[in-house]
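> fold the stuff below for me.
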Amino acid sequence: VLAGYPVGPNDEEYVLVNNKCQCVTVTSKFVPSKENPDEEVLERNIRILVPLKARENISDPLSPLRTTFVYRLSELCKNCDPIEIELGGAIHQAQQGNCEEPQTCYTYDRNECYSSPVPLLYHGEVRQVPAALTPASCFAE
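From the prediction side, this is the model:
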């Protein structure tokens, strides 16, 4: 069972997954059935954006272009936020699925800080200095 939130205030379409890291949005809404217009059926829409010129290592502009993109709906839909459940009269923290492995990012997740070393000439010496690729996420306001 997936919990969702409405796309707009008067919209009956619900967002089930909005994964900015892998550029996937999954929505659902009830629509009239083609077989029986008096009945509604649940329609799911999966929107996948494949980023052009994505790098194998997004923090390294010199890494080779990514040619393979893998999407597993079960992984996109898992919720790694811990929840409290009651078992045998005691409260326990629980997580859905295996959330230890970091997901592969196909583009910049605007909530994460990405940096890449760039050469900087300083007093006649070239130094590698980290430059923020997503400045809004790397620096506090």
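> where exactly do the helices run in the protein?
Counting by DSSP state H, the segments of the chain that form helices are 73-77, 135-138.
> out of everything not next to it in sequence, what's closest to Leu136?
Not quite, residue 136 is Ala, not Leu. Arg110 (6.9 Å; C-beta to C-beta, 6 or more residues apart in numbering). Any C-beta I mention is one placed from the backbone N, CA and C, and that applies to glycine too.
> contact partners for that neighbour?
20, 134, 136-137 (C-beta atoms under 8 Å, 6 or more residues apart in numbering).
> give me the buried subset of these.
Thr134 (16 or more other C-beta atoms under 10 Å).
> can you name the two of the contacts of Arg110 that sit furthest apart?
Lys20 and Ala136 (13.2 Å; C-beta to C-beta).
> what's the neighbour count on Tyr106?
The burial count assigned to Tyr106 is 22, neighbours taken as other C-beta atoms under 10 Å.
> and the gap between it and Tyr71?
9 Å (C-beta to C-beta, to the nearest Å).
> how deep is Ser28 tucked in, by neighbour count?
18.
> for it, give me its contacts.
4, 13-14, 16, 42-45.
> ok, now with 7 Å
If you count contacts by C-beta atoms under 7 Å, 6 or more residues apart in numbering, Ser28 has them with 4, 14, 16, 42-44.
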